[in-house]
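In: dropping a prediction and its sequence here:
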Amino acid sequence: MSATTIDEVLARLNAIIDQSLLVPNRIGYFASLYARVTSNVRRGILSQVVFEDNVRMALLDVVFANRFIDAYDTWRAGGAPSQSWQVAFLILDDADALVVQHLILGMNAHINLDLGIAAAEMAQNPEGLASLRNDFLQINVVLSRLVDIVQAELATLSPRIGTLEMFGAELQDRVFDFGMAAARDGAWALAERLVAAPKDQWAAIIAEQDDTVAALGRKIYPLKGVAGLAARWIRDRESTDIRFNVQVMAS
């Protein structure tokens, strides 16, 4: 069942986190970070000094969050969510994937696909989307904090993650700057495409974007070449205790 308020979103995310601690599940990594971001959005709305339209922003937050919640519920029930989420969910049982790869695959699906769809569903037309622009950019500021959280928390879980730069700026950008770039550019571009098109064309546009985002996700895991060697070297020192990792991410 989908959430209808931000408080319900947080309850659902915390339930996923709690279940990930009771029965170890790597979905708790992304859910933990996402719960933090949702809490920040909620506080921004309550403060009434962050967003131009707090009622609309609360609705956008719920529509956006439900795309992750519904995708995970569908996956758990044996169904097929978007290809982008399938790429992220397929590696949940793969012990070779780095914590950061789980996080980025979640960000890939949720920001590069879900955020643009959620914005278009809220706006409905080009004029509505234009009025959403400033608040959308504020959401991106909040979302970009995922990157900062990843860098800070991973120091505890993965002592070698901070040395990614020694393998080249491209790899470091793919890991740490991925979410910001996707939030800033891809999501808004998708929303613009959708609101400019007739509703009967939305499904085709979304399917095309889903193909693109899923393909990008497949490049994130497994990494190949030098990046793959770096990933294996990092993995050698990374915590494999899922409960511990989720607890750190959720703290």
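Out: Looks like it came in fine.
In: who's in contact with the residue nearest to residue 13 when sequence neighbours are not counted?
Out: Ranked by CB to CB, 6 or more residues apart in numbering and with sequence neighbours excluded, the top spatial neighbour of residue 13 is residue 35, at 4.2 Å. C-betas here are computed from N, CA, C, even on glycine. Residue 35 is in contact with 10, 13-14, 17, 250, counting by CB atoms under 8 Å, 6 or more residues apart in numbering.
In: so residue 35 versus residue 5, what's the distance?
Out: Look at residue 35 and residue 5: by CB to CB, to the nearest Å, they are 15 Å apart.
In: can you give me the neighbour number for residue 39?
Out: 15 (other CB atoms under 10 Å).
In: check which helix or strand residue 36 maps to.
Out: Residue 36 is located in helix 27-47, with elements delineated by DSSP states H and E.
In: run through the protein and note the low-pLDDT ranges.
Out: 143-150, 162-183 (pLDDT under 70).
In: the longest helix in it is where?
Out: Across the chain, the longest stretch assigned as helix under DSSP state H is helix 126-157.
In: relative to residue 46, how far out is residue 37?
Out: 15 Å.
In: and those two? Which one has more around it.
Out: Shown here are residue 37 and residue 46; by other CB under 10 Å, residue 37 has more neighbours (19 against 12).
In: my guess is the more buried one contacts residue 142, does it?
Out: Yes - taking CB atoms under 8 Å as the definition, residue 37 is a contact partner of residue 142 at 5.7 Å.
In: ok, residue 6 touching residue 62?
Out: Yes - when contacts are counted by CB under 8 Å, residue 6 is listed as touching residue 62 (6.3 Å).
In: quick one on the thing from earlier: any of the contacts of residue 35 buried? List them.
Out: Buried by 16 or more other CB atoms under 10 Å: 10, 13, 17, 250, out of the contacts of residue 35.
In: look up how far residue 67 lies from the first one.
Out: If I follow you right, that is residue 10. 16 Å.
In: where exactly do the helices run in the stretch 51-200 of the chain?
Out: With DSSP state H, counting those that start in this stretch as the criterion, the stretch 51-200 of the chain has helices at 54-76, 83-90, 99-107, 116-123, 126-157, 169-176, 178-181, 187-196.
In: by contact count, what packs against the third one?
Out: Secondary-structure packing of helix 99-107 (3 or more CB pairs under 8 Å, 6 or more residues apart in numbering; DSSP states H and E): helix 27-47, helix 83-90, helix 126-157, helix 178-181, helix 202-220.
In: only the buried residues of it, if you could.
Out: The neighbour-count check on helix 99-107 (16+ other CB under 10 Å) flags 99-107 as buried.
In: between those, which is nearest residue 84?
Out: Looking at the buried residues of helix 99-107 and their distance to residue 84, the nearest is residue 105, at 8.6 Å (CB to CB).
In: list the contacts of the nearest residue to residue 57 once chain neighbours are set aside.
Out: Spatially, and ignoring its direct neighbours in sequence, residue 57 is nearest to residue 51 (4.4 Å; CB to CB, 6+ apart). Counting by CB under 8 Å, 6+ apart, residue 51 touches 44-45, 57, 135, 138.
In: ok, back up a step: buried deepest among the helices of the stretch 51-200 of the chain, which one?
Out: Comparing the helices of the stretch 51-200 of the chain on average neighbours per residue, with mean count of other CB atoms under 10 Å, the densest one is helix 99-107 at a mean of 25.
In: now that one: how far from the chain's centre is it?
Out: Put simply, helix 99-107 sits 8 Å off its chain's centre (CA atoms, centre = their mean, to the nearest Å).
In: what do you get for stretch 41-54?
Out: Distance, stretch centre to chain centre, for stretch 41-54: 21 Å (CA atoms, centre = their mean).
In: only the buried residues of it, if you could.
Out: Buried-residue list, stretch 41-54, by 16+ other CB under 10 Å: 41-42, 44-45, 50-51, 54.
In: what does stretch 239-251 give?
Out: Buried, per 16+ other CB under 10 Å, within stretch 239-251: 242, 245-246, 248-250.
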